[in-house]
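S.K.: just coords:
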Ligand SMILES: Cc1cc2nc3c(=O)[nH]c(=O)nc-3n(C[C@H](O)[C@H](O)[C@H](O)COP(=O)(O)O)c2cc1C
């Protein structure tokens with residue numbers, strides 16, 4: 001067997017047999033968090049909000065933005081594909097162009113609802129693109145890791161699922177930092193790709209408006225504004241298989 005020091009071998013990943021029994025196994029203790037730590041995790045999850053209008057205008061410090069991106073980059077991903085990129089957009093002119101794309105799509109969206117529901121839709125604020133000092137466009141590179149990615153072999157959408165995990169990590173970390181995040185998805189993807197020079201094989205997963213907030217709604221803004229309520233969890237939990245006895249949604 002070639003030695004790991006052998007230059008002819010050194011560019012290859014070691015086989016299982018190559019790994020010496022003295023190598024650290026990287027397993028560490030996995031005890032539950034302390035009560036205070038657990039409470040902090042659940043607090044971040046339960047009080048995270050989608051923010052559209054409560055943004056302060058002061059810029060976020062670079063080290064804080066870096067922590068948010070590190071949190072995103074620690075997300076799980078199919079086959080450890082890490083398909084994400086984070087495009088930071090601070091320039092007002094670029095954000096204005098993205099807002100124009102949003103505005104056009106939002107007018108189209110309003111027409112998809114009828115009567116009173118349309119009027120209610122038109123009263124909703126559904127973005128903070130120009131108000132938040134930072135936007136982060138989170139993308140999914142469908143080609144990262146080559147044509148065959150472990151775990152993605154039978155469901156190509158898992159690359160996008162992975163990127164969504166990164167978004168959620170960032171969103172929760174931001175809540176802990178006193179930073180608000182608003183996800184904007186109302187635009188034609190090609191319009192934003194053209195503004196940011198994003199290549200064909202890269203998908204836009206999220207446009208995030210990011211900025212400090214002093215106040216947050218204590219429930220989803222869409223519930224506050226009477227658009228839709230949180231569903232009862234018990235109606236969504238099935239045992240052992242899909243249930244149709246009055247619980248289907
Ligand atoms: C994939 C996705 C896309 C979304 N797109 C928008 C959007 O375009 N505009 C908006 O105002 N909110 C958007 N949201 C935020 C949701 O409206 C919000 O998460 C939901 O109403 C629950 O509120 P909460 O996040 O404050 O708990 C989006 C959320 C997700 C997960």
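M.R.: Looks like it came in fine. Note that the coordinates shown come from a computational prediction; the quantities given were computed from them, not determined experimentally. Numbers count the residues shown, from 1 in each chain.

S.K.: what helix or strand is the residue lying closest to residue 125 once chain neighbours are set aside located in?
M.R.: Excluding its sequence neighbours, the residue lying closest to residue 125 (Cβ to Cβ, 6 or more residues apart in numbering) is residue 52, at 4.6 Å. From N, CA and C alone the C-beta is placed, and that goes for glycine too. Under the criterion DSSP states H and E, no helix or strand holds residue 52.

S.K.: go ahead and confirm residue 52 touches residue 182.
M.R.: Yes: judged on Cβ atoms under 8 Å, residue 52 makes contact with residue 182 at a distance of 5.1 Å.

S.K.: doesn't residue 183 belong to a strand?
M.R.: Yes: membership of residue 183 in a strand is supported by DSSP: H, G, I helix; E, B strand; the rest coil.

S.K.: where does this structure have low pLDDT?
M.R.: 1-21, 246-249 (pLDDT under 70).

S.K.: re earlier: residues contacting the residue nearest to residue 125?
M.R.: 125, 126, 127, 128, 182, 209, 221 (Cβ atoms under 8 Å, 6 or more residues apart in numbering).

S.K.: near the ligand, which residues of the protein?
M.R.: When proximity is defined as Cβ under 6 Å from any ligand atom, the chain approaches the ligand at 49, 50, 52, 126, 127, 183, 184, 185, 186, 220, 222.

S.K.: spatially central residue for this protein, please.
M.R.: Central residue of the chain (Cα atoms, centre = their mean): residue 167, 1.5 Å from the mean position.

S.K.: the helices in this protein, which residues?
M.R.: For the chain, the helices defined by DSSP state H cover 35-47, 62-73, 92-110, 115-123, 158-176, 189-196, 221-224.

S.K.: what packs against the fifth one?
M.R.: Counting by 3 or more Cβ pairs under 8 Å, 6 or more residues apart in numbering; DSSP states H and E, the packing neighbours recorded for helix 158-176 are helix 35-47, helix 62-73, strand 84-89, strand 134-141, strand 179-184, strand 202-212.

S.K.: pull out the buried members of the residues of the chain next to the ligand.
M.R.: For those, a burial check counting by 16 or more other Cβ atoms under 10 Å picks out 49, 50, 52, 126, 127, 183, 184, 186.

S.K.: from the residues you listed, pick the one nearest residue 77.
M.R.: residue 183 (19.0 Å; Cβ to Cβ).

S.K.: hmm, that closest one is touching residue 50, no?
M.R.: Yes: the pair residue 183 / residue 50 is scored as a contact, 6.0 Å apart, by Cβ under 8 Å.

S.K.: how near is the spatially closest residue to residue 124 that is not a sequence neighbour to residue 123?
M.R.: Leaving aside its sequence neighbours, residue 124 sits nearest to residue 225 (Cβ to Cβ, 6+ apart; 6.1 Å). Going from residue 225 to residue 123 by Cβ to Cβ, to the nearest Å gives 8 Å.
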